[in-house]
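Trainee: could you work out the structure for the sequence below:
(2 chains)
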Number of protein chains: 2
Amino acid sequence: MTLVERLDECVAAAGSLLCVGLDPADDADAAAAERRCLAILEATLSEAAAVKPNLAFFEQFGAAGYAVLERLRARVPADRLLILDGKRGDIGNTSAAYARALFDVLGADAVTVNPLMGADAVAPFLSHPGRGVFLVARSSNPGAADLLDAPLADGTPVHRRIVELGLRWDPGGLVGFVVGATDPAAIAGIRAAAPYAPLLLPGVGAQGGDLEAAVRAGLDRDGGGLLLSVSRGIAAAPEGPARAAAALRQRIASARQAVSPA
Amino acid sequence: MTLVERLDECVAAAGSLLCVGLDPADDADAAAAERRCLAILEATLSEAAAVKPNLAFFEQFGAAGYAVLERLRARVPADRLLILDGKRGDIGNTSAAYARALFDVLGADAVTVNPLMGADAVAPFLSHPGRGVFLVARSSNPGAADLLDAPLADGTPVHRRIVELGLRWDPGGLVGFVVGATDPAAIAGIRAAAPYAPLLLPGVGAQGGDLEAAVRAGLDRDGGGLLLSVSRGIAAAPEGPARAAAALRQRIASARQAVSPA
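Mentor: Sure, this is the predicted structure:
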């Protein structure tokens, strides 16, 4: 099964394009982070097609945080996509070890990968049957202007070259892209260049991305093919994670309906 | 103390520009990896200014591997530079969590950082007193041709733009660069652009880099300012890690002597 097929399956199971980000940034220790993540999972799984723990916020608790990641895996059901967000990428044999860590030890369905070091840094993540990657294309932060938006000699911005390369490296349905929801024009350009690739869109909420504009720009021809990822906007919502996730799911569905009223 | 000063101190203490990479790629479990790393450390610390564990090869053992990293820290003396090689980099608050994990929990003196996501992805690694970064500039692998060597609109290759940006982001003596020993011309160009920045040069040995050419190209005006990092060439040497490290130290010293006979 490809990443594209697996994503479609999870989106259909959940009836949602929402991805719940788990970024336990403010917890005192690994045990508190684990309780918080389990509470968010329980409150939001019915609203979301995917779950995305951000590795940094677990690694900040050392080995104890890493052990939380190992246990969280068991709490994500088979019909939800588990994306481990670590933005790894290194020379071939090192990326192969990261792929073992993320796919085999931690059981990810997909991982975010940093493509800076090129083809052989990405390839090891594409050789695990049924697993796939989201390559960082255009991140949601101000620093994306420094390198990712810089034009190459032929005028193509680096983030568009990453998409061209990613499509070339893709053995078939295994490569998607991370595109910040803060830049709907970049999303539209990447969707035009990659009509069938899954897009992971972070940056709505705390980072100020426009949910409706991001969804409109990112949908594929079948009205799917994207995940809108929200972390702090769910975890820190005054109304609680369950109601925040339900409202986000509804807003995404409405934006989708406005584009593809079928 | 800056990274530049700390590096000078460790180079002086060891009388060496060698960095021993710890990449336990072939061990069956975390305990075997720990034994191997401790044996390499014991055999080579007298020959090396720095030690560079590669996080991927510990993470492949899950939380148990992460715990090995925590214990290894205590075995690296204060007059040796501990570089944690994870090539992290993400939006600001995520990089801040990685910096806490690597500097505060694991006690790194310096870390390798992936600059793709720009200024705010790197900044959190530059706010820990006395700690510094090596930004990936020109990696040692074939995939470096895909993005890092690509020319930007003004003709500058991406890897040179990374150096320009890194020097701009540097609050003063805290930013160095990773440059593959496989491309002495790139090393020379980066050294010309960054006369005072520490360079971390991997890729000699298994990856085919020319040690003497890399050292000649990378030395600063004082005959220092670089670390030549060797992993498999020490761990897998038929003559054993101690003799391999001693021979590498001597070859680096000879190459240095040929350039700066003072």
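
Trainee: quick one: the helices in chain A, in order.
Mentor: Using DSSP state H, the helices of chain A run over A:3-14, A:30-44, A:56-59, A:62-73, A:92-99, A:119-122, A:158-169, A:184-193, A:211-218, A:232-235, A:241-259.

Trainee: of those, which is nearest residue B:92?
Mentor: When the helices of chain A are compared by Cβ to Cβ, helix A:56-59 sits nearest residue B:92, at 11.1 Å. Placement of C-beta: from N, CA and C, glycine included.

Trainee: of the helices of chain A, flag the one that's most buried.
Mentor: Stretch with highest mean neighbour count among these: helix A:56-59 (a mean of 28; mean count of other Cβ atoms under 10 Å in any protein chain shown).

Trainee: what packs against that helix?
Mentor: Here helix A:56-59 touches helix A:30-44, helix A:62-73, helix B:92-99, going by 3 or more Cβ pairs under 8 Å, 6 or more residues apart in numbering or on different chains; DSSP states H and E.

Trainee: near chain B, which residues of the stretch 151-262 of chain A?
Mentor: Neighbours of chain B within the stretch 151-262 of chain A, by Cβ under 8 Å from any Cβ of the partner chain: A:151, A:152, A:153, A:155, A:158, A:161, A:162, A:165, A:207.

Trainee: give the contact list for the third one.
Mentor: Going back to what we said before, that points to residue A:153. By Cβ atoms under 8 Å, 6 or more residues apart in numbering or on different chains, residue A:153 lies in contact with B:150, B:151, B:152, B:153, B:155.

Trainee: got a winner among those for most neighbours?
Mentor: residue B:150 (19 neighbours; other Cβ atoms under 10 Å in any protein chain shown).

Trainee: what's the closest of the contacts of residue A:153 to residue B:240?
Mentor: Relative to residue B:240, the closest of the contacts of residue A:153 is residue B:150; by Cβ to Cβ it sits at 41.5 Å.

Trainee: sketch out the low-pLDDT regions of the stretch 51-200 of chain A for me.
Mentor: Within the stretch 51-200 of chain A, not a single segment meets pLDDT under 70.

Trainee: for chain B, see how far away residue A:82 is.
Mentor: Using Cβ to the nearest Cβ, to the nearest Å, residue A:82 is found at 15 Å from chain B.

Trainee: then residue A:246?
Mentor: Counting by Cβ to the nearest Cβ, the gap from residue A:246 to chain B is 25 Å.

Trainee: list the contacts for that residue?
Mentor: Contacts of residue A:246 (Cβ under 8 Å, 6+ apart): residue A:47.

Trainee: can you pull the pLDDT of it?
Mentor: For residue A:246, the model assigns a pLDDT of 98.

Trainee: could you do the one 10 residues further on as well?
Mentor: Listed pLDDT for residue A:256 reads 94.

Trainee: quick one: contacts for it?
Mentor: By Cβ under 8 Å, 6+ apart, the neighbours of residue A:256 are A:17, A:215, A:219, A:223.

Trainee: closest one of those to residue B:109?
Mentor: Nearest to residue B:109 among the contacts of residue A:256, with distances taken as Cβ to Cβ, is residue A:17, at 43.6 Å.

Trainee: look up phi and psi at the closest one.
Mentor: Here is the backbone geometry of residue A:17 (degrees, to the nearest 10): phi -110, psi 10.

Trainee: out of the helices of chain A, the one nearest residue B:189 is which?
Mentor: When the helices of chain A are compared by Cβ to Cβ, helix A:158-169 sits nearest residue B:189, at 19.8 Å.

Trainee: what about stretch A:36-48 and chain B, any contact?
Mentor: No - contact of stretch A:36-48 with chain B (Cβ under 8 Å from any Cβ) is absent, the minimum separation being 14.3 Å.

Trainee: contact partners of that stretch?
Mentor: Contact partners of stretch A:36-48, identified using Cβ under 8 Å, 6+ apart, comprise A:14, A:16, A:18-20, A:22, A:24, A:27, A:51, A:53, A:68, A:72, A:75-77, A:80, A:234-235, A:240-242, A:245-246, A:248-249.
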